[in-house]
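Asker: predicted structure and sequence below. I'll ask about it afterward.
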Amino acid sequence: MRYRQLAPDLQVSEVGFGNWTCTTGWWGDYTESEAVALHRAAFDAGITFFDTADAYAEGYGEQVLGKALADVRDQVVIATKFGYDLAATDSRRGQQERPHRTDVVSVRKALDDSRARLGVDTIDLWQLHNPRMGHLDDDELFAFLDEAVADGKIRAYGVALGPKIGWLDEGLHAMRTRRLPALQMIYNLLEQDPGRELLAAGHETGTKMVVRVPHSSGMLEGNLTADTVFPANDHRRHRPRSWLLEGVAKVANLDFLRRDMTLGQASLRWILADDGVATTLPNIYGADQIDEFSADVRDLTPDELAAVDQLYARNFDVEPETDRTTKVNA
């Protein structure tokens, strides 16, 4: 495992562990003991960056993380998120976004609640979850965040962006108007935009990137086919079939990256070729992913990186699917 600087005094593993896969039910069901064991296996493999959110199963994600890593607290970097109203559940349906709540009184309580669930005095990275412009322009909120740093309750703060619900404009605005050491975004070999623009801005402002969904929801792990059937409790089951068909066709043109590593490993090295990225958060849902993604493989060559750029410019030589409505497992 290699390590990079995320923020002052925060060194993190290039591969991190986002515990939403084992605590939210979107990637299958895990008992608490299974989730704890997965955290420990990640730590044993050299992973030191662990990311969660208070909104993951109304605090359960934080509780599991805290329980799993209590005895190695001084050897890991813990990141969590805030900004949603955890009490607002009655009016939500399915995957509908819950309302934000970012007044200082509520945020102060959210911080104390997260620290208690995690079992820590200090949160290493506290991230504003899927913010809108109004949140980023709230001087009182950011004054409180500075106060929390001064009080030793957090070491650093950042923002975690959500696609389609606060994304490119919000990310650029956050980096250019607030002194952010870290920004979390979706970025991968198949989905390079708007990540490229956010990365460029990060180089300008000194903001390091935490990259989630580096395998395009499992597509870049290289084991999906046109006949893949997702389990009922897998969120990918609800994607249009065109996502699966186009993705599989694109991945077929990436075999040149599998010469001496897996496609999943190559996809991580592609992201980490940019030194503006501090760490990645692959979806880890079993010991096999930990072993694969934590392995120390070579960097991609300039020719390989250039070949990916050329393929992306040509949509990987794949014609877009016209079926946008049929679900993957309809």
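Answerer: That came through fine. Numbers count the residues shown, from 1 in each chain.
Asker: what does stretch 213-230 rub up against?
Answerer: By C-beta atoms under 8 Å, 6 or more residues apart in numbering, the surrounding residues in contact with stretch 213-230 are 186-191, 236-237, 239, 244-245, 247-248, 250-251, 258, 262-264, 267-268, 271, 280-283, 289, 328-329. To be clear about C-beta, it is placed using only N, CA and C from the backbone, and glycine gets the same treatment.
Asker: that one: which residues count as buried?
Answerer: Neighbour counts over stretch 213-230 (16 or more other C-beta atoms under 10 Å) mark 213-222, 224, 230 as buried.
Asker: same question for stretch 306-316.
Answerer: Using 16+ other C-beta under 10 Å as the test for burial, stretch 306-316 gives 307-308, 311-312, 316.
Asker: circling back: which among the contacts of stretch 213-230 end up buried?
Answerer: In terms of neighbour count (16+ other C-beta under 10 Å), the buried residues within the contacts of stretch 213-230 are 186-191, 236, 239, 244-245, 247-248, 250-251, 262-264, 267-268, 271, 280-283, 289, 328-329.
Asker: could you pull out the helices for this structure?
Answerer: The residue ranges that make up the helices of the chain, judged by DSSP state H, are 20-23, 32-44, 60-69, 104-118, 133-136, 139-150, 168-177, 195-205, 241-251, 263-272, 287-294, 302-313.
Asker: for stretch 40-58, output the C-alpha coordinates as PDB.
Answerer: Extracted in PDB, the C-alpha atoms of stretch 40-58 (Å, rounded to 0.1, in the frame of the first residue of the first chain):
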ATOM      1  CA  ARG A  40     -10.600  -5.000  10.200                       C
ATOM      2  CA  ALA A  41      -9.600  -6.900   7.100                       C
ATOM      3  CA  ALA A  42      -9.200  -3.600   5.300                       C
ATOM      4  CA  PHE A  43      -7.000  -2.200   8.100                       C
ATOM      5  CA  ASP A  44      -4.900  -5.300   8.200                       C
ATOM      6  CA  ALA A  45      -4.300  -4.900   4.400                       C
ATOM      7  CA  GLY A  46      -2.800  -1.400   5.000                       C
ATOM      8  CA  ILE A  47      -5.900   0.700   4.400                       C
ATOM      9  CA  THR A  48      -5.900   3.700   6.800                       C
ATOM     10  CA  PHE A  49      -8.600   6.000   5.300                       C
ATOM     11  CA  PHE A  50     -12.200   5.100   6.400                       C
ATOM     12  CA  ASP A  51     -15.100   7.100   5.100                       C
ATOM     13  CA  THR A  52     -18.700   7.100   6.300                       C
ATOM     14  CA  ALA A  53     -21.600   9.500   6.900                       C
ATOM     15  CA  ASP A  54     -24.200  10.200   9.600                       C
ATOM     16  CA  ALA A  55     -26.900   9.600   7.000                       C
ATOM     17  CA  TYR A  56     -25.800   6.000   6.400                       C
ATOM     18  CA  ALA A  57     -28.600   4.100   8.000                       C
ATOM     19  CA  GLU A  58     -29.200   7.000  10.400                       C
END
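Asker: for it, buried residues please.
Answerer: 41-43, 45-57.
Asker: what mean pLDDT does that stretch have?
Answerer: Confidence over stretch 40-58 (mean pLDDT, whole number) is 96.
Asker: hang on, the earlier thing: now the helices of the chain in TSV, with distance to Asp124?
Answerer: Output for these, formatted as TSV (distance: least, C-beta to C-beta, whole Å):
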stretch	distance to Asp124
helix 20-23	18
helix 32-44	15
helix 60-69	12
helix 104-118	10
helix 133-136	21
helix 139-150	11
helix 168-177	19
helix 195-205	19
helix 241-251	34
helix 263-272	20
helix 287-294	20
helix 302-313	31
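Asker: and of those helices, who's closest to Leu10?
Answerer: helix 139-150 (12.3 Å; C-beta to C-beta).
Asker: name the helices or strands packed onto the closest one?
Answerer: helix 104-118, strand 123-129, strand 154-160 (3 or more C-beta pairs under 8 Å, 6 or more residues apart in numbering; DSSP states H and E).
Asker: widest-spaced pair of the buried residues of stretch 213-230?
Answerer: Within the buried residues of stretch 213-230 (distances taken as C-beta to C-beta), the two that end up farthest apart are Pro214 and Phe230, at 19.4 Å.
Asker: make CSV out of the helices and strands packed on helix 139-150 and add mean pLDDT, distance to Thr23 and mean neighbour count.
Answerer: As requested, these are arranged in CSV below (pLDDT from 0 to 100; distance: least, C-beta to C-beta, whole Å; neighbours: other C-beta atoms under 10 Å):
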stretch, mean pLDDT, distance to Thr23, mean neighbour count
helix 104-118, 98, 12, 17
strand 123-129, 98, 15, 25
strand 154-160, 98, 16, 23
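Asker: many thanks, we can stop here.
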